[in-house]
Each structure stands twice: as C-alpha cells, then as structure tokens.
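Trainee: The following block contains a protein sequence and its predicted model.
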Amino acid sequence: MKITFPHMGYLNIPLRSFFNNLGQEVIEPPAINQHTINLGTRYAPEFACLPLKINIGNFIQAAELGANTIVMAGGIGPCRFGYYAQVQREILADLGINMDMIVLEPPQGGWKLLLRGLRRLTGKVSLLAIFEAGAIAWAKLKALDQLAQRVYSIRAQEISRGSTNRIWKQILTHIDGANDLKAVQKAADCGYALLQGIKTQPHKEMLKVGLVGEIYTVLEPAVNLGLEEVLGSMGVEVVRSIYLSEWVITNLVLHTFYLRDDREHYQLAAPYLDHFVGGHGIESISNTVKYARAGMDGVIHVAPLTCMPEIVAKTILPGVSLGENIPVLTLMLDEHSAEAGILTRLEAFCELLWQRKRMPKVRRQQNKTEMELSRGKLSVAGISGH
Amino acid sequence: MLVKIGIPRALLYYHYFPLWECFWGHLGLEVITSPPTDKSVLDRGVIAAAPETCLPVKVYYGHVLALAKAVDYLFVPRIISAQKGTYICPKFMGLPNMIKHSGYDLPPLISPTLDTNRGKKSWQRAHIQAAQGLGYNKKKALTAWRYANYRLRLYREKLQQKRTPLEFLNHDHSLPRSFTSPTILLLGHPYNLFDEFTNMNLIRQLYQYGYQIITPEMLSPVIIEREATQLPKHLFWSLGRTILGTAFHCLKNSPVVGVIHLTSFGCGPDSLVGELLERRVNKLSNLPFLLLTLDEHTGEGGLITRLEAFLDMIEWRRSS
C-alpha cells in the first residue's frame, strides 16, 4: 500500500510521520504548483470550489509517482467538503486512475465508519503502536502551530527581509526529521532559539490584522498566494484564526465527547448571524467581532469562490465592519487569482489601515457615524429608478 | 385594516406557498406575494446582493425589495431542512441574516427556523411560535397549521399528477400540454425550473416544441428516497437527493428521450450533484444530456440555440 493524501499547509509533516511510524510507505504529491492547479481545473467540475480542484491535481500527480491509496477526510454537510471524496473517486475512476480511497468520516457520522476506515489504514498494527504514532504526529502538529504563531510577529519586525522565511524553512525540516517525542521537543526548542536569533526592530509600529475565513484557503499558502508572507513583508502582524491543532481538538476530540463549547463564537456572532451555516461561516463572523473588540487594525477574510458558508459570511461582514468599526477585506480566491492583483488590493488595504491608525480616535468615531448615516439612506425607494 | 404579510415569490415559494398562504390567511393576515420576476426585480436583486451570490438568492433580494413598501411584515423563513439528516443549502440557513444586513430599510422580518433535524414537529412548532410572536393564541395557530398542512398535501398530490406549480401558483392554464408526446426529464431546483423569467420560459418552450416533461415534483417522495439511498454515501442536500433520485428512477422506469439539468451559476450543491448526475446518466443510458446554467446575463438567443440543437439531436436519434 503506497499512501498519499492531499496537501493543506504543513499538514503533510505530521501525516507523513504518522503513516511512516505505522510502517506504511507514503508517496506525497509534489508541492502545489501551477501544473497541479491546471490538472485540477481540467478534470474537476467547473463550479466546484478550489480545494476540490487542487485535491484532484494532487491525486493525479501522486498517482504519476506511484501512489495507489488515497487517504481523505469526509463530512456530514452542509458544506461541500463532505461529498468531495465521492465525486473525486468517480472523476479519477473515469480517468482510468484506479486508486483505492480510504475516507475517514467524522465520528458524528458514526463511529463504525471511522474505525473501519482507520483499521483499513493501519492494517494489523497493535493499538499501542497506533497510539505512539499518533502522539508523535500530534506533537509535531502542535509544535508547528505554536512556532508559526511566533513567526507571524517576528516576520513583521525583521530587519533583513526574508530572514524569517529562511528560518521557518529550517524549522520545517527539523521538525520533519524528528523521529520520537524527545526529538520533536528538541527540534521545537531549537526552532524557538533560531527565531530568537533573528534581528528585529523591537519597538517598530506595526499593523495587526486578523485572518479569518475558510480553513483550506487560510492554511494553504499556495492557494492564498502566500498572504501571510506578503503581509509580513509589509510590516503587518498576522493573527490567524484557525490552527489545525485547535481544529482537531474541538472538532474531533471535544465534539465526540459532547464537550465542545461554541458558546463564545455564537454569542459574539449573534447580533449579526444567529445560526450555524456550515463550514467556518459563523467563526468568520465571531472572530471578526473578537478581533475588532481586541483593538486590532483590520480583518482579512479569505474563501474559495462559490464557497457557500463564506458567501453568507461575506454578505454579513459589511454590517459587522460598520457595527464594530473595523475595516474588512474579503478575498474570494480561485484558479485565476493572480499575485499582482491580490498584492495591489493588500497594499491599498494596508494603506487605509495606516491612515486610520494615525487618525485621532474622535475622528474615527465621527467617520463611523457618517458612514452609518449614509448607509441608512440606502432606502428601498433609493434605487427604484432601475 | 388587515395586517399584511409579504411572501417573496422566490426560492422555496414554489414548494411551500400553499402552506404559508393558508397558515397566515387562516390567522386573518392578508397574504401579499411579490409580482412574478421581471427585469426590474432582477436588477434590484443584483444590486442588493453580494456579487458572489447565486442567481436565485439575488432574485430573492429583488422580491424582498419589491414587497418592502407594501407590507407590514416580511416572511423570510430560515429553512434548514425538510427531511431528516439533510440540509437545503448553507445560504438558506443564513438568509434572514443576509437580508437583514443588506442595508435597506425593511419591515420587520418573521423568520421561524424550520429544521426537521430537530424533530418531526419542528416546522409546526416554529410556525406556531411565529404566530404567537405576532399575538395570536396557540390554539388558533394550531388549527391554522392543520388546515395549512392539509392544503400542502393536496397541492403536492396535484403536482404528482404530472402538473407544474405554474398552473396552481400563477393560475396559468395556457400551457399547451399533451400526455402522449415524448418525455424529457427536466431536473433542477424548483426556483430555477418554475421561474419563467430567469429560465426564459423553458417549460413553455418544451411544450411548444411538442414534448412533455417530468420534473422531480411529479414523483412521489417515497420513490425518490428509495432511489437516492443507492448513492455510495448519504447525500446531505435534500434538493440534490431529489434530483439524483428522480434521475435514477426515470432512467430505469420511464421512456424518457433526453435529460436537461437546469442549474444556476455558482450553485454549490449542484456543482457536485450535477457532476455525479452527468456521469451517471452517461453510464446508465445513452440519452442526450443538456446542462443549462443560468445567471443574470443569460441571453434568450443563446438558450434557444442550445435547446434547439438538443431537441434536434433527440429527433435524430428517435428517427434513426
């Protein structure tokens, strides 16, 4: 069995470690490039969201390298992700690529399905071995998430451009190379030390921008065109709303044992959106409110084009922006998104944030009132001329 | 003067209008529907909605704005699910919030949360609560609900006699129908199939060309459900289940001569359901398949050309 899986940020590092420690051979698809995206858009449905297309590209490229088994996650809706695997299976089969697909359904869809999927993956390995492999993969994921958080603030303050990115690449290799829990800990400590060594301007004035939206576009730099790096190089500290390790804890662990507590999200979002809409729709709203109240300078909302939960969020965000007095930029990404276009919009947005930051608070409040007044004028009769 | 409640003529209006009309009517409210979609409704919707939204939701905005001045309350239900274990679409789940934050001056919204996943009687409970919120007593609301439910059942039975909602909702009896002509399987969401403005009279045109149609509304939900369970994984969009279930049933059991899938640009569930549908139709049969995608820019000429080419292909296959 030669296992492959789709790319999503640095998820490949803990996943590969998990399967390798179970004694499985892993053939990873090449890092997402233009060819991946081309393959995906050629064979996937036209209006499918971008992650599905890129997954298809990943699978085809992995198949070319000799992989024969795909590990994929499932879901129970209403977001399209829950039905990805079934559609992808049919597309690949019709292309003549006969790969085995193991779909790990979330426990909400039934324990039996999840265990059956897991058991097919692990073969006849003892439970203890599975637990150990899981523990190492988990340690890697957690270390990477924590290091990434540090990287965001350091990148915005670095003196020589690109130094943080070089260190981050080193960190990824170190963590990837670690074979047991102790080694992971050591690699993480070494990572912190390396980050500490980067020369920074400690008292530099920075913008602080929250990154909210759909999980895949938030986590995968090849899809969001390296948003975090670009912003970092503009001297913006990014606060990412989604970390995979947190996602795993709330969705896979706490949810399963009925301990999940979304009350904070629901409370924050309630004045704007008072019902779950699938995906990360409600989190996009609640995190924007949270960041506004924490005094951050702005929020960037990313999502794939036609993403249903995020369209709901996007429609409501202008109201949140007005109500909480925080600028929001929505980027809907697809296979045609070009770096230059995104860069221009980001620069303009940051320019706006700087002006706003330097504006006295009283003036900012006046601005808000003026905007509210002008918005109230958008009456039903106002556009009846059409 | 009677209190006026507005029901936009869009989205699931085509499935549930008799229910809502009877429910609010029985309670003594005056039910007002927006006029059928036209250029001005569509244009206003396109301006009001976010550009990424799909056509049916933009049309819904247009209908809401058309009603806004004329009514005291707007009925914008939050429809989560009409069948256990399924959803309609995330956009339906956020619809009242989207409308509320559109920045327009609107009458108060009445938005019961209709979710069969929360129990069989959830729709009943939500409607009664909405009526109580307007000051009607529970007993009267319950009676109204029972009448309304009965009306809905009658409506559905009528649809299953190979009739379209156009005849009952628009009182349009001018459709040139015949029950002996060859049948085309017309699949899609009700708001695409029965909005004669956005789909440019597709049903009427098919009748005029001498075909009859089967739509998902004409089959019993029991049959559709039985067929839909054959899917490799439980499909969690009820409208998608209906489309695939209808297709599986008709390809096996009825003499259809062609399949048309009518969808709207950017429809999330249809992007996957349509893909499965096309592949299954090709595997199960060798029928001609036409995918029509609607958006606010669709021109009638383009649609007619494609439709005629498709019908020519059917004729050619039938005669050879």
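Mentor: Nice, I can see it.

Trainee: tell me the contacts of residue B:98?
Mentor: Contact partners of residue B:98, counting by CB atoms under 8 Å, 6 or more residues apart in numbering or on different chains, are A:312, A:315-316, B:49, B:57, B:91. No exception for glycine: its C-beta is placed from N, CA and C like everyone else's.

Trainee: All the strands of chain A, residue numbers only.
Mentor: Assigned by DSSP state E, the strands in chain A fall at A:2-4, A:25-26, A:69-73, A:100-104, A:207-213, A:236-240, A:298-304, A:328-333.

Trainee: which neighbours does the first one have in its sheet, and in what orientation?
Mentor: What that stands for is strand A:2-4. strand A:25-26 (parallel), strand A:69-73 (parallel) (DSSP bridges).

Trainee: From residue A:196, how far out is the residue lying closest to residue B:108 once chain neighbours are set aside?
Mentor: Distance criterion CB to CB, 6 or more residues apart in numbering or on different chains; nearest residue to residue B:108, sequence neighbours excluded, is residue B:73 at 5.6 Å. Residue B:73 is 62 Å from residue A:196, where distance means CB to CB, to the nearest Å.

Trainee: go on, residue B:122?
Mentor: From residue B:122 to residue A:196 the distance is 56 Å (CB to CB).

Trainee: Likewise for residue B:234?
Mentor: Taken as CB to CB, the span from residue B:234 to residue A:196 is 51 Å.

Trainee: So the two - more neighbours on which side?
Mentor: Using other CB atoms under 10 Å in any protein chain shown, the more surrounded residue of residue B:234 and residue A:196 is residue B:234, with 15 against 11.

Trainee: returning to that earlier point: pick the most deeply packed of the strands paired with strand A:2-4.
Mentor: strand A:69-73 (a mean of 21; mean count of other CB atoms under 10 Å in any protein chain shown).

Trainee: and the strands paired with strand A:2-4 as a markdown table, adding distance to residue A:9 and mean pLDDT?
Mentor: Output for those, formatted as a markdown table (distance: least, CB to CB, whole Å; pLDDT from 0 to 100):
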| stretch | distance to residue A:9 | mean pLDDT |
| --- | --- | --- |
| strand A:25-26 | 17 | 92 |
| strand A:69-73 | 14 | 90 |
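
Trainee: Does residue B:287 belong to a helix, a strand or coil?
Mentor: Per DSSP: H, G, I helix; E, B strand; the rest coil, the secondary structure class of residue B:287 is coil.

Trainee: my read: it touches residue B:260, true?
Mentor: No - here residue B:287 does not reach residue B:260: they are 10.4 Å apart, not a contact under CB atoms under 8 Å.

Trainee: Those two - which one has more neighbours?
Mentor: residue B:260 (21 against 18).

Trainee: Same question for that one, what's its three-state structure.
Mentor: Residue B:260 ends up strand, using three-state DSSP.

Trainee: I figured it was touching residue B:193, is that so?
Mentor: No - the criterion here is CB under 8 Å, and residue B:260 misses it with residue B:193 at 9.7 Å.

Trainee: Between the two, which contacts overlap?
Mentor: B:186, B:202.

Trainee: that older thread, so for the residue nearest to residue B:108, what pLDDT did the model give?
Mentor: pLDDT recorded at residue B:73 is 94.

Trainee: Give the next helix or strand downstream of the helix or strand containing residue B:166.
Mentor: Assigned by DSSP states H and E, residue B:166 belongs to helix B:165-169. Heading C-terminal from helix B:165-169, the first helix or strand you meet, by DSSP H and E, is strand B:183-188.
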